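Asker: here's my sequence, what's the structure:
(chains A and B)
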Amino acid sequence: DAKTTQPPSMDCAEGRAANLPCNHSTISGNEYVYWYRQIHSQGPQYIIHGLKNNETNEMASLIITEDRKSSTLILPHATLRDTAVYYCIVANAGNNRKLIWGLGTSLAVNP
Amino acid sequence: GAVVSQHPSWVICKSGTSVKIECRSLDFQATTMFWYRQFPKQSLMLMATSNEGSKATYEQGVEKDKFLINHASLTLSTLTVTSAHPEDSSFYICSARGGRQGAQYFGPGTRLLVL
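Answerer: As a prediction, this is how the structure comes out:
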């Protein structure tokens, strides 16, 4: 599975959009981009995933560049409860494919 | 939808005892479940992949005789930490594969403290 690179930490003002970048320059054609987050002392929470088209759901939007070498997770109106570690993972969709977890981006939403 | 539960949420036990952790997919069937371990300020480390009705596949360095995994049904997998020692104290998290294109859904985790 391809590796990803994320900034270790980011800050965002409450109510503003949080844009979390992820580089995955070695992504393969059949690999998806998955985003999860982990709030302190809890299990990870699935946010969104995509292959090559931009995706949006009730939690966030995922923008994937045309060459698929990077992506951005957008939380449109960050709240204090969005403070968490955000993980960007690339993997194929096979039944037993593993998620390789890096250190993610620690997002602090400030009042 | 896509809710995964774990029980217990935390457990304290004496060294040498065994601890069983249950992972259930509440509103979907999961042919594949995963068990992770997370130490403080570290990322998740995959321990094993559990497939319903077959033996689990363990990651390198994980002792299969110490961490027993049973995936007897499409909604339940169990992890038993046998003869637990203080170094086994950790945050254990399960996930179930049930979403579109391989999305995994995670349980809330079980915090184990071995005295």
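Asker: not counting its neighbours along the chain, what's nearest residue 7?
Answerer: Since no chain was named, I'll use chain A. Counting by CB to CB, 6 or more residues apart in numbering or on different chains, A:Pro7 lies nearest to A:Thr105, which is 5.4 Å off, once chain neighbours are set aside. To be clear about C-beta, it is placed using only N, CA and C from the backbone, and glycine gets the same treatment.
Asker: to clarify, I was referring to chain B.
Answerer: B:Glu22 (4.8 Å).
Asker: what are the boundaries of the strands in chain B?
Answerer: Per DSSP state E, chain B carries strands over the ranges B:4-7, B:10-13, B:19-25, B:32-38, B:45-51, B:57-58, B:67-73, B:76-81, B:90-97, B:104-106, B:110-114.
Asker: among those, which is nearest A:Lys98?
Answerer: The minimum distance between A:Lys98 and those falls on strand B:45-51, with 5.6 Å, by CB to CB.
Asker: next up, the contacts around A:Thr5.
Answerer: A:22-24, A:102 (CB atoms under 8 Å, 6 or more residues apart in numbering or on different chains).
Asker: cutoff 10 Å now
Answerer: Shown here is A:Thr5, whose contacts under the criterion CB atoms under 10 Å, 6 or more residues apart in numbering or on different chains are A:21-25, A:70, A:88, A:102.
Asker: give the contact list for residue 38.
Answerer: I went with chain A, as the question did not name one. For A:Gln38, the set of contacting residues under the criterion of CB under 10 Å, 6+ apart consists of A:44-45, A:84-87, A:101, A:104, A:106, B:38, B:43-44, B:93, B:106, B:109.
Asker: correction: the question concerned chain B.
Answerer: Residues near B:Gln38 by CB under 10 Å, 6+ apart: A:38, A:41, A:43-44, A:101, B:44-45, B:90-93, B:109, B:111.
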